[in-house]
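Student: Sequence first, predicted coordinates after that:
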Amino acid sequence: MNSNTLRNNKFELKIFKIDKNFHELKDLSNAEIIIHITDNYIKKLRHKFKDLDIAIVNPKLSHEFDKSFKFWSYSFNQPKEKFYWKLFLPDNLTENHDFKIVEFSYVLFIQYENEIYCIISGSGISVIKKYLHSTFGIEIYERISSQTEDNVIELNTRSIANNISNKKQTFNLNQTISETLDYSDIPTKIKLKVRKSLKENEFHKFKLDNTLTILEVGSYFLLRKKIDFEELKEMIIHIHNIHKDYAPKQLTLFTKIHDSNLIKDLDNSLLERIIDDVQSNNEPKKVQNEIIEIVHPNKLEKFYECDNFLIRKKHSQGKSDITTDNRNDLYYKATMHIFDNLKNINNRYDIKGEVFKLNIRGLINQKEVTYGNLYSHIIAEIELNNHKYFRIDSKWYLLEDKFLNKMNEEAKTYYSKYELKTNLLNHWYEKDDEDSYNKSHYSKGYYVLDKVIKDNVELCDLLVFKNDRIYFIHVKNGFDTKMRDLYIQVILSAKRLSNDLKNFNGSSYLKKTLKLYNERNPDNQIDIAETLDNIKLKKITISFVMAFKNNAYKNKGLTSVERIDKSNSNIAKYSIVQVVKEMNQYDFEIYLKDISEIQQ
C-alpha cells in the first residue's frame, strides 16, 4: 500500500457490510458486485437528474491488493437537488452563473475472506444503501452481548409487521438490554456502554481505557474509538471472526434466518405457491390472497399513500403494462399478467423466472415514489418442515413456539380487554362485500368515508358520532394476512390525524377530508366547524376501531376469543397485538371488534 495510508490519521468509522444474498448480486464475483453497485448508482443519478453532466459527477473506481485484503476505492461528486441561491434570486441575477452544488463523496469497498465491507464519506451511503446487510451490526452485538449486564443509552426498535412505527428510547439510568427490549420488537439501532469484560477480552487490542466507551450497532458496527487505517483492518478481521466463530444470543423472540440453504428452501416453497396461483388465474377464486400480501419492502408508508400502481415486465417498454388504483388487487393483477403473457402456462420454470422480471411501480400524482420487483414486495406466512415462518421486508423469520404461544395469549387478552362493547356496527350478511357492508350504515351520526381519501391516506371507513365520542372505524373482511393491511391503515390514519391536530395553524388533513366528504354527500352533512371545535376543546373523545370479520369456525358456536385461539393466521394475531401496543403512543382510544359475532 502507498505510504500515505500509514499516516497517523485517526477517525471514528462506521463499518458496513454488503449483503451478497441480495437477488441482484447472487452468482456475481466480488469484483462484479462492486462494478454492479457503482454502475447502478450512476444509472440512479441519470434517472433522478435528467440533464446529468457525468463530467461533474466524475466517478472514479480504482483497485488495489494488500495481503489478505482487496480494496476498491470509489469517489464521485454527488449533485444536490436544491440550489438555494438560484431559488432565492431573480432570474436576471442568476443567468450566466453556475449554481450547481456538488458534494465530494467516497466509498471504500474492502474484501476480506470473500466478504465485502465498506466505509463511507459524504453521500457514500446512497451508493450502497440498497445492497446493505441491514442487521450486520446487530448481528455482531448478538454474539458478544450480555443482556443482563449491558447498559443501554439509546434503543431504536420497530415492529416486524411494519416499518412505520419506529420507536426511539433514550435511557439515563442503568437499564439493561433485557429490561428494555419487548419480546415482539426488532432492534434497529442500539447505543450502549462497552462493559468491562469486552474491553479486557474481545476489544483488548484497541486499548480501551476505563472511561466510558460507546458501542453503536445497527446496519453498521461503530466502536466509538478513533482508529487509523491499520487498526481499521484489524477491526474488520476482528468483527469478521466474531461473526464467524461466536454463537448468537437471541435478543428477542424473533429469529431472523441467515442460513442461505434454508432461505433458498423457503423462497422455493413460496415461489411454488405463487406459481400455483399464476396457473390458477383461469379460476380467480383459487388465488391465495389469504397467505400473501403485496407491500414495498422499504417504503411502506409511501406505498400506502400511492394513488396508482403500474405493473411492468422488465425490458417490455410498457407494451403489456397493467395499472390499478387498488393496492389490494396487485397480487391478483400481477399473477394475471404472467398468466396472460406467457406462451406455455404449464412450464413452471418459466413462470418462476417471470416473477423476478415483473416490477411494481407506486405512483403519486403520476410520479414514481416506490419501485421493486414483484417478489421483493411479497409478505407471506408459510409452514416448512413443521416450522412456521414470516417473510417480511424480503427477510425470513422463524416463529418459535415460545413466541407463538405468547402472541396467541396476548391476542386473546387484548381482544377481551379492548373489545368494542358499544353497539355501533351492523350484522354482516354473506352476500355483502366490504363496500356494501360499509354502506349499510345510514343511521343518524353515521358517515361512510370509505374511498374518501385526502393526501392519499384513508381516514377511516366509517365515521360515527355517539355519546360524546367520535369513532374512526376501519373495516376488513377476513382474519388472515389482510389484518396486517388493516392494522397498518389504523396506525397510518392515527399518525396522520395526531400530527394534524398538533398543527399550530389548525387542522388541515381532517378538515379537508370532511370537506371532501360533504361535497360528495349533500344529503348527509358533517358539521365540520363544530366537530373541530369539540375536538380542540376535548368535548369529545377520539376512538379508533379495528373491525374485522373472522370467517373461520363461524358455524361451530365459538366465541370471538375462541376463534382467535384456533386461527392459523399468526400475522392476524400479531396485528391485533401490535395495533394495541402502537396506538399507545397516540392520545386516542383503540377498540377491537369481530363483526362476525354481531347478530341480525
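Tutor: Yep, that arrived.

Student: show me where pLDDT drops low in the stretch 501-600 of the chain?
Tutor: Counting by pLDDT under 70, the ranges of the stretch 501-600 of the chain that qualify are 504, 506-507.

Student: How are the helices of it distributed by residue range?
Tutor: Secondary structure of the stretch 501-600 of the chain by DSSP state H, counting those that start in this stretch: the helices cover 509-520, 528-536, 560-566, 570-583.

Student: okay if I get the ones you listed as CSV plus distance to Leu420?
Tutor: All C-beta atoms are positioned from the backbone trio N, CA, C, and that covers glycine. CSV is the format used below for these (distance: least, Cβ to Cβ, whole Å):
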stretch, distance to Leu420
helix 509-520, 22
helix 528-536, 20
helix 560-566, 11
helix 570-583, 13
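
Student: what's the burial count for the nearest residue to Ile214 once chain neighbours are set aside?
Tutor: Excluding its sequence neighbours, the residue lying closest to Ile214 (Cβ to Cβ, 6 or more residues apart in numbering) is Arg224, at 4.0 Å. When neighbours are counted by other Cβ atoms under 10 Å, Arg224 registers 13.

Student: mind listing what Arg224 touches?
Tutor: In this structure, Arg224 makes contact with Glu12, Thr213, Ile214, Leu215, Glu216, judged by Cβ atoms under 8 Å, 6 or more residues apart in numbering.

Student: Can you pull the domain assignment for this protein?
Tutor: Domain assignment of the chain by automatic domain parsing yields the ranges 11-133, 134-252, 260-396, 401-597.

Student: immediately after the helix or strand where His337 lies, which helix or strand?
Tutor: Secondary structure from DSSP states H and E places His337 in helix 330-341. As assigned by DSSP H and E, the chain's next helix or strand after helix 330-341 is helix 348-357.

Student: Toward the C-terminus, what is the element adjacent to that following helix?
Tutor: As the chain continues past helix 348-357, the following element, by DSSP H and E, is strand 358-364.

Student: So which bits of that next one are buried?
Tutor: Leu358, Asn359, Ile360, Arg361, Gly362, Leu363 (16 or more other Cβ atoms under 10 Å).

Student: Repeat that for stretch 549-562.
Tutor: Lys549, Asn550, Ala552, Leu558, Ser560, Val561.

Student: about what we covered before: output the contacts of Arg224 in TSV; the columns should cover distance to Glu410 and neighbour count.
Tutor: Conversion of those to TSV gives the following (distance: Cβ to Cβ, whole Å; neighbours: other Cβ atoms under 10 Å):
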residue	distance to Glu410	neighbour count
Glu12	41	12
Thr213	37	17
Ile214	34	15
Leu215	32	23
Glu216	31	19
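
Student: Please enumerate the helices of the stretch 101-250 of the chain.
Tutor: For the stretch 101-250 of the chain, helices defined by DSSP H, counting those that start in this stretch occupy the ranges 125-128, 136-144, 177-180, 196-200, 229-245.

Student: Least confident of those helices, on average?
Tutor: Note on these: helix 177-180 shows the lowest mean pLDDT, a mean of 84.

Student: which parts of that one are buried?
Tutor: In helix 177-180, counting by 16+ other Cβ under 10 Å, buried: Ile177, Thr180.

Student: Can you list the neighbours in contact with that helix?
Tutor: Under Cβ under 8 Å, 6+ apart, the answer for helix 177-180 is Ser145, Gln147, Thr148, Asp150, Val152, Leu155, Gln169, Phe171, Ile190, Leu192, Leu251.

Student: Any chance of CSV for those, columns neighbour count and distance to Ile338?
Tutor: Shown next, in CSV, are the contacts of helix 177-180 (neighbours: other Cβ atoms under 10 Å; distance: Cβ to Cβ, whole Å):
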residue, neighbour count, distance to Ile338
Ser145, 23, 45
Gln147, 15, 46
Thr148, 9, 51
Asp150, 20, 49
Val152, 22, 47
Leu155, 21, 43
Gln169, 12, 45
Phe171, 16, 50
Ile190, 24, 42
Leu192, 21, 47
Leu251, 20, 39
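
Student: In JSON lines, list the residues you listed along with pLDDT and distance to Ile571.
Tutor: What follows is those, written out as JSON lines (pLDDT from 0 to 100; distance: Cβ to Cβ, whole Å):
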{"residue": "Ser145", "pLDDT": "94", "distance to Ile571": "28"}
{"residue": "Gln147", "pLDDT": "86", "distance to Ile571": "27"}
{"residue": "Thr148", "pLDDT": "88", "distance to Ile571": "32"}
{"residue": "Asp150", "pLDDT": "92", "distance to Ile571": "32"}
{"residue": "Val152", "pLDDT": "93", "distance to Ile571": "29"}
{"residue": "Leu155", "pLDDT": "92", "distance to Ile571": "25"}
{"residue": "Gln169", "pLDDT": "83", "distance to Ile571": "26"}
{"residue": "Phe171", "pLDDT": "84", "distance to Ile571": "31"}
{"residue": "Ile190", "pLDDT": "95", "distance to Ile571": "26"}
{"residue": "Leu192", "pLDDT": "94", "distance to Ile571": "31"}
{"residue": "Leu251", "pLDDT": "85", "distance to Ile571": "22"}
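
Student: pLDDT score assigned to Tyr415?
Tutor: Tyr415 is assigned 97 on the pLDDT scale.

Student: likewise Leu28?
Tutor: Confidence at Leu28, expressed as pLDDT, is 95.

Student: Let's verify it: helix, strand, or coil?
Tutor: Secondary structure for Leu28, judged by DSSP: H, G, I helix; E, B strand; the rest coil, is coil.
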